[in-house]
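Asker: What follows is a predicted protein model with its sequence.
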Amino acid sequence: MNCLGCKPVAVAELPVISCCTPLAGSSLSEQRAVELEVVLKALADRHRLRIVNLLLGAGGEAVCVCEIQPLLDLSQGTVSYHLKQLLEAGVIARETRGTYSYFSLVTGALDAVREVFAA
């Protein structure tokens, strides 16, 4: 519709901009992604994160399960379940001393997770 007294407006041509950023591809292989998925699933729990944080604070020393349980305020069975999840994912190691189990972080177990987010 044309109005009286209106001056025509010049329409500028805008350049076409590509909508996608070119990607170089993932540096993470399928096998490595599967391995990391296991670790990340094990870490994806608030109690297990607290256990890892506790073990990090121990400075590489093994910590007795009897020290972990009261700090989490969970039953012995629940703590054992969470420790098993971390153990099976390769995040922590278990050492038996008499009737007690001691746990420590596996050296370098969290390095791969850090590398994924460093890129």
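Answerer: Perfect, thanks for sending it.
Asker: Quick check: the residue nearest the centre of the chain vs residue 99, distance?
Answerer: The centroid of the chain falls nearest to residue 40 when counting by C-alpha atoms, centre = their mean (4.5 Å). To residue 99, residue 40 is 33 Å away according to C-beta to C-beta, to the nearest Å. All C-beta spots, glycine's among them, are computed from the backbone N, C-alpha and C.
Asker: Check residue 110 too.
Answerer: Residue 110 is 29 Å from residue 99, by C-beta to C-beta.
Asker: Please identify the helix or strand for the nearest residue to residue 105 once chain neighbours are set aside.
Answerer: Leaving out its chain neighbours, the residue that sits closest to residue 105 by C-beta to C-beta, 6 or more residues apart in numbering is residue 55, at 4.8 Å. In this structure, residue 55 sits in helix 46-57 according to DSSP states H and E.
Asker: re earlier: ok, the residue nearest to residue 105 - contacts?
Answerer: Residue 55 makes contact with 63, 92, 103, 104, 105 under the criterion C-beta atoms under 8 Å, 6 or more residues apart in numbering.
Asker: and the next helix or strand after the helix holding residue 55, what other elements does it pack with?
Answerer: Scanning forward in sequence from helix 46-57 by DSSP H and E, the next helix or strand is strand 63-64. Packing partners of strand 63-64 (3 or more C-beta pairs under 8 Å, 6 or more residues apart in numbering; DSSP states H and E): strand 100-105.
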